[in-house]
Structure formats: C-alpha cells, structure tokens
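Colleague: pasting the sequence and the predicted model now:
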Amino acid sequence: MISFRVNKQAVQFNDAPDTPLLWVLRDHFQLTGTKFGCGIGQCGACTVHVNGKARRSCVMPVSSAEGKSIVTIEGLTPPDEQLHPVQQAWLDEDVPQCGYCQAGQIMATVEFLQRHPKPSDEDINKNLTNLCRCGTYVRIRKAIHRAARLSAQAK
Amino acid sequence: MSKNQHTTAEPEVDRSRRKLLIAGATISGSFLLGVPIISPAGPQSSNTGSSRLGFFINILENGDVIIGNNQPEIGQGLRTTLPMLVAEELDVEWLKVRIESMPLGLLKTMDGYTWKYGGQGVGGSTGLTDNWTFMREIGATARLMLMQAAAQLWNVPLQQCSTAPGQVICASAGKQASYGELVKLASALPTPEAPTLKAMADYRIVGKPQHNKEVIDIITGKSQYGIDTRTPDMRYAVISRSPVINGSVASFDDTVTRTVKGVLDVFSIEGPAVGAPYVILAHGVAVVATSTWAALKGREALKVEWKGSPNHKDSSEKFWQQNHKMMSGQGQIVHDQGDFPATLKTAARVIRHHYEIPFVSHAPLEPQNCYAWVQKNKAHVIAPTQMPSGASRAAAAVTGLEREHIKVEMSRVGGGFGRRLSNDYVAEACIISQKTGWPIKLQWTREDDIKNDFYRPGGTHELVAGLDKNDLPVAWSQRLASASKHYRRAGVKTEDLWQAELYPDDFPQAMVENYRLEYFHNDIGMPRGSWRAPAHTANAFVIQSFLDEIAHETGQDPLALRLNLLGRVEQQAYSGHGGPVMTPGRLSRLLKFVAKRIDYAAAREKGRGVGIAAHFTFGGYAAHAIEVSVTPAGELSIERIVAAIDCGFAVNPNAVEAQLQGSTIDGISTALGLEITLRDGQVMQNNFNDYPLLKISRVPARFEAHVMNYDDTPTGVGEIGIPSAAPALTNAIFNATGIRIRRLPVKDQLRKKMTA
C-alpha cells in the first residue's frame, strides 16, 4: 500500500508499485489532464509537481511517491479561485493548438517561474525542455513573460 | 492530403440543398449516392417546438447559444472558427456562444450513405473553405426563421423585422423579443429558402481576431482527448507489433504474460496481405488487461516468433542507392511542355543539382488510441481522428457491421498532421473488442507510433535548368525517384503513382516554356501516407533551394530572380491543391514584404546570413525570411524569422497567425533534425530521444507572423505555412556559410563540414 496526497487529498494505491505515477493518476484516479506522450521522460506532457518540484510522472514509479504531495493540472487552481497566473497568461495569449502538451507546459512553467520570477529569454531557453509538436513555442514564450508580470502584480 | 469528400456537386443536391440545410443534411461526398428525405424543418420539429433550430443551433431561454461543430478539432481551431460563421449570420453575442461537438452523422439512403450534418473530415486544409458558405447559411437561415416567428407573433410584415445581437426587433411596432423567447415558435416553421448573406463590411465577429473557445478546458485539464476516454467495465489493450515491416506472427508464448496481474487475454491479430491495400498495419499480438500498465507489462513479457517478411532486407542505404541507379536511366515522363531536351542542348549554361528528402514520421503528441465496443448488432467508437467517416468504414470493414449501426464520436485530437487520416488504430480497437466482447481502449506507445507510421515519402530529386545568355531559365526539369505515398492504395495504377509526388502546376512551370517532369518509383516496403502539405514540403524545398543555387552561380540576387520569374505570369491554371488558379503576384507581394521586414538587403557580419522562400498550396500563399548565424565550429542559431501568409480572407486572424507560427516551426523542426531510417527492414528510430522535435530554445524570440488579407475569399490555412520554411532556413545557412544543404535533415552537417 502506497499512501500519498494528490491535489491535497490523501490517496492510497494498492497495485503494482512499479506503475508509473502517470498511469496511476490517469487510470486509477481519473485525473486525465496529465498526458502520456513518450513514456521515457523526454516530452514533458506528463509533468506534475512532486513536493513542489516539476517531475515527469511517466518515469516515476508510484512507489517513490510514498508520503509525498502531488499536484496535477486539475489541482493547480483550487476550486472557485482565480486562475493561476500561468493559466491566465496561457488563456490571454491563446497558446494551445492541439493542446495535448499544454498541461505539462504549464506545470513546468509554474515551477520555473518560482525559480526565475523575472525570466530572460535565455532563462527560458536553458530551463524549459517540454516538447510541443504543434510549435506553439512563440506563444509559450510570450505567455511565460506575461505570467511573470501577472505574478509580480499579484504580489 | 486529399480528403475525397467534395467532388460530386450533383445538380439534384443543389436543388435540394436549401430545404435540407437547416436539418443539416446537405452537400456532397465521395460516397454520396442520393439525398435523404427528411422533413424540411428537421426531425425535431413538432407542434410544441423546441429550443433547437436544426442540428447545429440550440438557443436557451437565458439567451445562451450553443452551436454545434461538425468537424474534427486537431489543433487548427475549427471548433471556434466555424461557429464564428454561424454566430455572425445568426446575429448573436459571441461571448454568449458555447460550442458543442457533434458525432459523425451518416444517413443510409436507398442508394448508399450520405452526410447528415454536412461533410465531416479535415485534411487538405479544407476544413474552413468547405464550410465557409454552409456555416454562414445555417446561421442566416436560423436568423430568418426567428424573424418569421416574431413577425407571426406580432402580426407585422417580415420586412419590418430586423435583429440586434440575440433579439428580433420591429421598430415600427415598438416591439422586441429575445431569440430565447422566439425559438420554440421558430423551430416549428418550415425551413425557408436560404436568405442573402451579410455583406463583409457588416461583420462584427468574422474577420476579427477571436479567442479560441476551448483554451479554458485545455489549460485546466478538462478537455477530453481520445486517450481520456473511459467507460464502465472498459479494458485496456496494447499490441506487440512486428519489428520488421510487413512481418507477421509465427507463434507466441504468453505463459509469463498471463501471470502478470491484471492481464485478461492474449491473442494474435492478422494484418493485411503483403502488398495489398491496407487499412491497418498490424500483424501482432494483442494483450488486454485491467489497466494500461498491466497491458504494457504483459506485452513486455511476451515471447513472439515473427515470420519472415519480404522486406527484411529493405534499408535506407539501399533506398538511396536504388534511386541513384534508377535515375541514371530513363523514367516516366509525366509532364512535358515545349522542347526541354533541345532547349537544354542550346542553353548558354546548364545547372544541375541533386537533393535528398528523408522519410519522416508524423509523431502527433497524443499517441494513437481508440475506444471501441463492438457488440452483436452494433458498435461504438470514440477516436481521435481527422476522418470520422474513414473510422466508420474501418470499423465496418473489420466487424462486418453495417455502418448505420456503428456510432463514431470524435474526441479532441492531440495533433493530426495527416497521421489521423488513416484509421488503422480504429480497425485494431474494433478487432480486439469484437474478439473479447469487452469495451476496450487500445493504446499505442510512442515507440509503436514512431515505428508503425504511414511515413512521409523519402525521395531523390534532380533539378536541371538551362539558362539563356541573360542567365534566366528557359528549360527546366525535375526528376524524382521516390516512394509514392499512393503505394498500396486501392485503385491506384502504377503509372499514376507519381501524381502524389509531383504537382505539374507548381512554380515555375508556368514561367518556363520548356519544362519536364520525370518520375521513378521506388517500391521500398515502408508504409506511406499524407504528411502535412504532403509533397509540397519536398518540392518547395528543392525548387526554392535550386533557385538560390542558380542565382548564386550566376551572380544574381535570389529575391530578384524570384520576382523576375513570378512577374512573367499574371495568373495561371493550377489543378488541385487549392486551384483552379494561382496568382504569382501574391507570392511576390509576400516575398517583398518579408524581405523588407528582415532587412534583406542589409550587409551582415561574417557568419550571418538571410534566406527567403515562398510557396503556394491549398489556395494559400506563404513566404518566409529567416536570418541565421553560424559559428566557425558549425553551431547554428536561428536569429530571426519573418513569416507571412495570404489566405485570401482570414476568418479568425488569431487562428491563422497560430497556424503560421506552428507550421513554420514544424517546417524548421523537421528540416533540422527529423529522419526515419530503415535497416534490415526495421525502423531505427524509437522515441523522442532519437526523433528529436525542436525545443523552445531553438525558436528565436524575434519571430513575426503576418496575416495579410488579399480579397474576400478564405483559402486553406493549416498547411500553407510549412513548405517555404525549410528552404528559407537552408538558403540563409548558405548565405551565412557558403554551405549548401542538399540533404535533409540538416542535423550535424554544418559542424562536420566546418570542422573538417
């Protein structure tokens, strides 16, 4: 039995401990906002926060989540609260095309902005490696800068 | 990417169309054999009325309007753009509009199947152009019915009624009523003849940048993609596939697999006969389990003996060698105007170069998947597909069920790029569900996807130009040895295979009097299919590269040479792919614009260079100017990109800009790093580690995407921006380094050449 928290709720998982966290979230907890793209930690579509750090859940066995706190895209904005600034910026800039990678992009960006609250383009280039097959990078870059401004204003 | 869907505009259809419009039964299709007979006001009409006006419009009492979208959403934004057209003519507040997805609508008639909700399917950048008039008529007809209802209610002449957003007004009688109040009355009226459409000058919604309605669901994780489908009692399936193309299962040992907790069933699947037309690729062993992970672990534990394949010796190396060998002889002359050989002989100068275009994979980020539940007399399919009618056909073919008993729903699609014009994964899911009797979700892994694609064909091109004494081309030929994408396509004759690879009306055919196209088919066993802007990506690359080579070798300016050629013809015939005409001046306009934006003529420091290219496809025009820098060690940086598109009239400029940005990056990503190679009949790439899509770090912050309207006719958008991106990049590389990239992808060619 593996116990951890997902979006602030205590959960337990009682199946194969080598199951990647991604599939536990998707198949067992029906949190399908976290996406499967590659299964080898390359694309970042499965990015979630584990104790506040962005992690690629497709290569993280659920056993390693024991005692930890997981946040998925569904938990980024608590119910009835204003959108997270990163989500708001994504909305304002109309970032998504197919949208499949965007939950992962957002989760990666949220943590990135905590480390780089006023990022330069170079910071973005060095730190963000999530793949977008549609090529929404131009708008992702704009949205990251916008999110940084929104976050600064909110403080 | 032809969608085979808008061909036979029968007179009978046109005549019936107006009356059937509001019910949604309309227009033509490749399998259109007759027009269904429906009550003109649609099946919902009754004396009591309803909140629906036909299949597409639902008006709630609070004034909210729900507009149906009948087309697949693969990221092109149609679920916003098409309802904009309805809302404009219906005259409602765009902010009050919600979008609802419609399933595949087929009607069986005495003569076959026809569309219930209009043609459905996206390929060939026709999603908007096919529906431009249809969607506006739906909105205009509904608006007229609401006005008729009001006129009846108030007992005033219809001519005295007009609308303001969401309401009908009769100024002379001092009356007004909201659509919500009128809709029940309106829904019981007979469908009128389609009214006149709005003048463009009166548009409030169309032609203005609108936000995509679905972003909020995407960024909160609520959007439902195919992979997110889940129903009670659903099982999860994966397939172990032959590592060698066209290999099949000899035997398998599932002893260990069946001990994996959660594994429920294991069985083999028969694929198509070698060389025969295919709807599926799979020869393999299916593993069905209680979760995705259990199915994957079960698959890993399988021991499969694969039967030999006739393609077990196919390789990329052999492919290029065969092309080279074939091209030393005479191929199939598929287009011959003027006297190419004689003109070449007398030419003042002859320039000749070879180019190689690799096979590439589509790699949409959502791996293939499909939900299917096949029962005795019916089936239910939920799939991420570009071609729901193809999904219905695939399901019918493998289950033996009649298509009217197969319900097909379209999920949101995590990327299309042409991959999901093929519904092989739908067929597979139906086979597995039928065999087990369970509702199942088939899941492909990324490796399954990279190794089992309908690849963009690779090919070797030879371009030859004969120049006159002014160094302008008077003879031109393109010789191509490639693996036609029409290979194994039902009903395609060998002598017609070239048609998928060479487009005779492409620039500069109309500008050069003596012009010849020659084709050689390479029958390597790799499956092939349509990849965004299919052969345009290859042909634009070689033609736009070759033009630069001519310019450079004769001391001309690449832009001036292009403008000279484009300026020779005012308008030309163009068959298919956005024809019937092409206006070269529209390419000139864009070229001049992007050149100016990027300071094309400015002197640049050593190691910096700029390149331009332009191309016409699917009715649209695009040009790129790209500036790069290359270090002495061969490290390439893209410094600046200026892209421009002329899609006639941009219905949603915001969506057009997004497509231009994305297709430009797609073109560059593919040109820089992507290639599928084959050895011993096996695809050598596996996943994004060895099929490296571009990351944000290589996309410059200085990136302009300009949407430039031309007239009032929208053209295709989704594929227009890709073909000219790659040659603009490699032309810039040449300008910076003097190194000509004649083989894609660029990969480490610069580093190798500059440090050699």
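Modeller: Nice, I can see it.
Colleague: contacting residues for residue B:475?
Modeller: Neighbouring residues of residue B:475 by Cβ atoms under 8 Å, 6 or more residues apart in numbering or on different chains: B:338, B:340, B:343-344, B:347, B:464-466, B:512-515. (Each C-beta comes from the backbone N, C-alpha and C, glycine too.)
Colleague: grab the longest helix from the chain for me.
Modeller: Looking at chain A here, since you left the chain open. In terms of residue count, the longest helix belonging to chain A (DSSP state H) is helix A:137-154.
Colleague: ah, I was thinking of chain B
Modeller: Scanning chain B for the helix with the most residues, using DSSP H, yields helix B:132-154.
Colleague: so which bits of that helix are buried?
Modeller: B:132, B:134-151, B:153-154 (16 or more other Cβ atoms under 10 Å in any protein chain shown).
Colleague: can you list the domain ranges for chain B.
Modeller: Following the assignment in automatic domain parsing, chain B carries domains at B:18-219, B:226-309+B:368-443, B:330-359+B:455-495+B:514-755.
Colleague: number of nearby residues for residue 77?
Modeller: You didn't pick a chain, so chain A it is. For residue A:77, the count of nearby residues is 17 (other Cβ atoms under 10 Å in any protein chain shown).
Colleague: oops, wrong one, chain B.
Modeller: Residue B:77 has 30 nearby residues by other Cβ under 10 Å.
Colleague: cool, and the one 5 residues further on?
Modeller: By the other Cβ under 10 Å criterion, the neighbourhood of residue B:82 contains 28 residues.
Colleague: in chain A, which residue sits closest to chain B?
Modeller: Residue of chain A nearest chain B, by Cβ to the nearest Cβ: residue A:33 (2.0 Å).
Colleague: which one is that residue nearest to, not counting chain neighbours?
Modeller: residue B:221 (2.0 Å; Cβ to Cβ, 6 or more residues apart in numbering or on different chains).
Colleague: list the residues that contact the one you found.
Modeller: Residue B:221 touches A:31-34, A:72-74, A:103, counting by Cβ under 8 Å, 6+ apart.
Colleague: just checking, residue B:334 touches residue B:515?
Modeller: No: taking contacts as Cβ atoms under 8 Å, residue B:334 lies outside contact range of residue B:515: 11.5 Å.
Colleague: ok, and what's touching stretch B:167-185?
Modeller: Applying Cβ under 8 Å, 6+ apart, the set of residues contacting stretch B:167-185 is B:48-53, B:59-63, B:65, B:92, B:146-147, B:149-154, B:156, B:160-164, B:166.
Colleague: how about a cut-off of 6 Å?
Modeller: Stretch B:167-185 has contacts (Cβ atoms under 6 Å, 6 or more residues apart in numbering or on different chains) with B:49, B:51, B:59, B:61, B:63, B:146-147, B:149-150, B:154, B:156, B:160-162, B:166.
Colleague: so what's the residue of chain A closest to chain B up against?
Modeller: A:72-74, A:103, B:221.
Colleague: regarding it, what is its secondary structure?
Modeller: Following DSSP: H, G, I helix; E, B strand; the rest coil, residue A:33 is assigned to coil.
Colleague: with adjacent residues omitted, what lies nearest to the most centrally placed residue in chain A?
Modeller: With distances taken as Cα atoms, centre = their mean, residue A:107 lies nearest the centre of chain A, 2.4 Å away. The shortest distance from residue A:107 to any non-neighbouring residue, by Cβ to Cβ, 6+ apart, is to residue A:47 (4.2 Å).
Colleague: ok, residue B:59 to chain A distance?
Modeller: Counting by Cβ to the nearest Cβ, to the nearest Å, the gap from residue B:59 to chain A is 26 Å.
Colleague: contact partners for that residue?
Modeller: So residue B:59 contacts B:51, B:65, B:179-180, B:183 (Cβ under 6 Å, 6+ apart).
Colleague: just the buried ones out of those, please.
Modeller: Among the contacts of residue B:59, the ones that count as buried by 16+ other Cβ under 10 Å are B:51, B:65, B:179-180, B:183.
Colleague: between those residues, which sits nearest chain A?
Modeller: So of the buried ones among the contacts of residue B:59, ranked by how close each gets to chain A (Cβ to the nearest Cβ), first place is residue B:65, at 21.4 Å.
Colleague: who touches the closest one in this structure?
Modeller: B:59, B:92, B:96-97.
Colleague: re the thing from before, okay, residue B:334 and residue B:515: which has more neighbours?
Modeller: residue B:515 (22 against 18).
Colleague: circling back: need the pLDDT of the residue nearest to the centre of chain A.
Modeller: Looking at residue A:107, its pLDDT reads 98.
Colleague: look up which helix or strand it falls in, please.
Modeller: helix A:102-115 (DSSP states H and E).
Colleague: quick one, that helix and helix A:137-154 angle?
Modeller: 50 degrees (axes from the mean of the first three to the mean of the last three Cα atoms, to 10 degrees).
Colleague: quick check: buried residues in helix A:102-115?
Modeller: For helix A:102-115, the neighbour count (16+ other Cβ under 10 Å) marks A:102-113 as buried.
Colleague: now do the following helix or strand past that helix: distance to the chain's middle.
Modeller: For helix A:102-115, the succeeding helix or strand toward the C-terminus, using DSSP H and E, is helix A:121-127. Here helix A:121-127 shows a centroid-to-chain-centroid distance of 18 Å under the convention Cα atoms, centre = their mean, to the nearest Å.
Colleague: tell me which residues are up against helix A:121-127.
Modeller: By Cβ under 6 Å, 6+ apart, helix A:121-127 touches A:112, A:116, A:144, B:697, B:701.
Colleague: identify the residue nearest the last one in space, chain neighbours excluded?
Modeller: Once flanking residues are discounted, residue B:701 sits nearest to residue A:121: 4.6 Å by Cβ to Cβ, 6+ apart.
Colleague: what about the one you found, how many residues nearby?
Modeller: Under the neighbour criterion other Cβ under 10 Å, residue A:121 is assigned a count of 15.
Colleague: what does residue B:680 give?
Modeller: Neighbour number of residue B:680 under other Cβ under 10 Å is 12.
Colleague: so which of the contacts of residue B:59 are in helices?
Modeller: Using DSSP H, those in helices are B:179-180, B:183.
Colleague: what residues does chain A have near chain B?
Modeller: A:19, A:23, A:27, A:32-33, A:37-40, A:42-43, A:73-74, A:87, A:90-91, A:94, A:96-103, A:121, A:125, A:128-129, A:131, A:133-135, A:137-138 (Cβ under 6 Å from any Cβ of the partner chain).
Colleague: helices - which of these land there?
Modeller: The members of these that map onto helices under DSSP H are A:23, A:73-74, A:87, A:90-91, A:102-103, A:121, A:125, A:137-138.
Colleague: what is the nearest of these to residue B:191?
Modeller: Nearest to residue B:191 among these, counting by Cβ to Cβ, is residue A:91 at 38.1 Å.
Colleague: skipping its backbone neighbours, what lies nearest the closest one in space?
Modeller: Computed as Cβ to Cβ, 6+ apart, the closest residue to residue A:91 that is not its neighbour in sequence is residue B:215, at 5.3 Å.
Colleague: contacting residues around the one you found?
Modeller: Residues in contact with residue B:215 (Cβ under 6 Å, 6+ apart) are A:91, A:94, A:96.
Colleague: by contact count, what packs against the helix holding residue A:107?
Modeller: strand A:47-50, strand A:53-56, helix A:85-92 (3 or more Cβ pairs under 6 Å, 6 or more residues apart in numbering or on different chains; DSSP states H and E).
Colleague: for that helix, what is the distance to the chain centroid?
Modeller: Put simply, helix A:102-115 sits 6 Å off its chain's centre (Cα atoms, centre = their mean).
Colleague: who does the longest helix of chain A touch, helix- and strand-wise?
Modeller: Using 3+ Cβ pairs under 6 Å, 6+ apart, helix A:137-154 is in contact with helix A:85-92.
Colleague: what pLDDT, on average, does the helix it packs on get?
Modeller: Mean predicted lDDT for helix A:85-92 stands at 98.
Colleague: fine by me, we can end here.
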